[in-house]
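Okay, structure incoming, though there's no sequence with it:
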């Protein structure tokens, strides 16, 4: 279960983009809804295949970096259990053949302000179910890494093609990389700028996915949906001004 717990935490913390989250356990799965510090990404992560004695739990996990560093010290096979005091889940215990560890958990009431807003009023997606291969996802990461000062990336539709732009700027000319993602779309021209760091972390934490689909609301946001053998994740990234 070590690798599953690491996977779960990395997919919602996004390399410290998310400080804490309210986590639920039921039916052998951990799942959480979350937002990042700047509230320009809202997401959902679910990882299956946990073997925990409790039937159902809700707890606050806030010291994610500590947990990930602790997990590096454990063997591949660990047992996870929880200390529960009434309705409060106080501690997550990690146990392998040679080591025990305990993680203090947060009161979920304290983390309420870190819950994402409700997603009842999402805009209609103008472009849906665009499949992105693992090769394209890796190319996006390499392109962002190539221009490290890039603050913005953008999805752009121009002349019936969808492009990805690295180091996008509306104010002035910059070094940039542009590559096409899909032909024959037939939608009106648009450009949708996004936070480069956020998008990179979303993709980087889901490179183990078997399927990635992209939806675009051309004036508002993009939505990435990933599916793997034992997980599902979804991220809404809001347009950057």
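Perfect, thanks for sending it. Quantities reported herein were computed from a predicted structural model and do not represent experimental measurements. Numbering: from 1, shown residues only.

Please tell me how far the residue of the chain most remote from its centre sits from residue 50.
Most distant residue from the mean C-alpha position of the chain: residue 98, 32.2 Å away (C-alpha atoms, centre = their mean). Per C-beta to C-beta, to the nearest Å, residue 98 is found 22 Å from residue 50. Yep, even glycine has a C-beta here, placed from its N, CA and C like the rest.

Show me what the helix or strand of the chain with the lowest mean pLDDT pairs with in its sheet, parallel or antiparallel.
Counting by mean pLDDT, DSSP states H and E, the weakest-scoring helix or strand in the chain turns out to be strand 177-182, with a mean of 90. Strand pairing for strand 177-182, using DSSP bridges, gives strand 161-166 (antiparallel).

What mean pLDDT does the strand it pairs with get?
The average pLDDT within strand 161-166 is 94.

Contacts only, for residue 68.
Counting by C-beta atoms under 8 Å, 6 or more residues apart in numbering, residue 68 touches 6, 9, 10.

Go again with 7 Å.
Taking C-beta atoms under 7 Å, 6 or more residues apart in numbering, we find residue 68 in contact with 6, 9.

can you confirm it is in a strand?
No - counting by DSSP: H, G, I helix; E, B strand; the rest coil, residue 68 is not part of a strand but helix.

domain assignment for the protein?
For the chain, the structural domains run 2-114, 127-238, going by automatic domain parsing.

Now tabulate these in JSON lines and tack on distance to residue 120.
Below are those laid out as JSON lines (distance: least, C-beta to C-beta, whole Å):
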{"stretch": "domain 2-114", "distance to residue 120": "12"}
{"stretch": "domain 127-238", "distance to residue 120": "13"}
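
do you know which of these lies nearest residue 121?
Within the domains of the chain, the stretch nearest residue 121 is domain 127-238; the backing value is 10.9 Å (C-beta to C-beta).

gap between the two ends of the closest one?
Terminal residues of domain 127-238 are spaced 15 Å apart (C-alpha to C-alpha, to the nearest Å).

how close does the residue farthest from the centre of the chain get to residue 74?
Residue 98 sits 8 Å away from residue 74, going by C-beta to C-beta.

and what of residue 241?
The gap separating residue 241 from residue 74 is 43 Å, by C-beta to C-beta.

and those two? which has more neighbours close in?
residue 74 (18 against 6; other C-beta atoms under 10 Å).

how about that one, secondary structure?
Applying three-state DSSP: residue 74 is coil.

contacting residues around it?
Residue 74 sits next to 2, 94, 96, 99 when contact means C-beta under 7 Å, 6+ apart.

so which pair among these is furthest apart in space?
Within the contacts of residue 74, 2 and 99 form the most distant pair, 11.6 Å apart (C-beta to C-beta).

Leaving out sequence neighbours, find the closest residue to residue 144.
residue 200 (4.8 Å; C-beta to C-beta, 6 or more residues apart in numbering).

Now do the SS call for the one you found.
Taking three-state DSSP, the label given to residue 200 is helix.

correct me, but it touches residue 142?
No - distance between residue 200 and residue 142: 10.2 Å, which falls outside the contact criterion (C-beta atoms under 7 Å).

higher neighbour count, those two?
Taking other C-beta under 10 Å, residue 200 and residue 142 do not tie; residue 200 has more neighbours (20 against 11).

Roughly how far does that one sit from residue 80?
30 Å.

From the contacts of residue 74, list the buried ones, please.
Neighbour-count burial (16 or more other C-beta atoms under 10 Å) applied to the contacts of residue 74 gives 2, 94.
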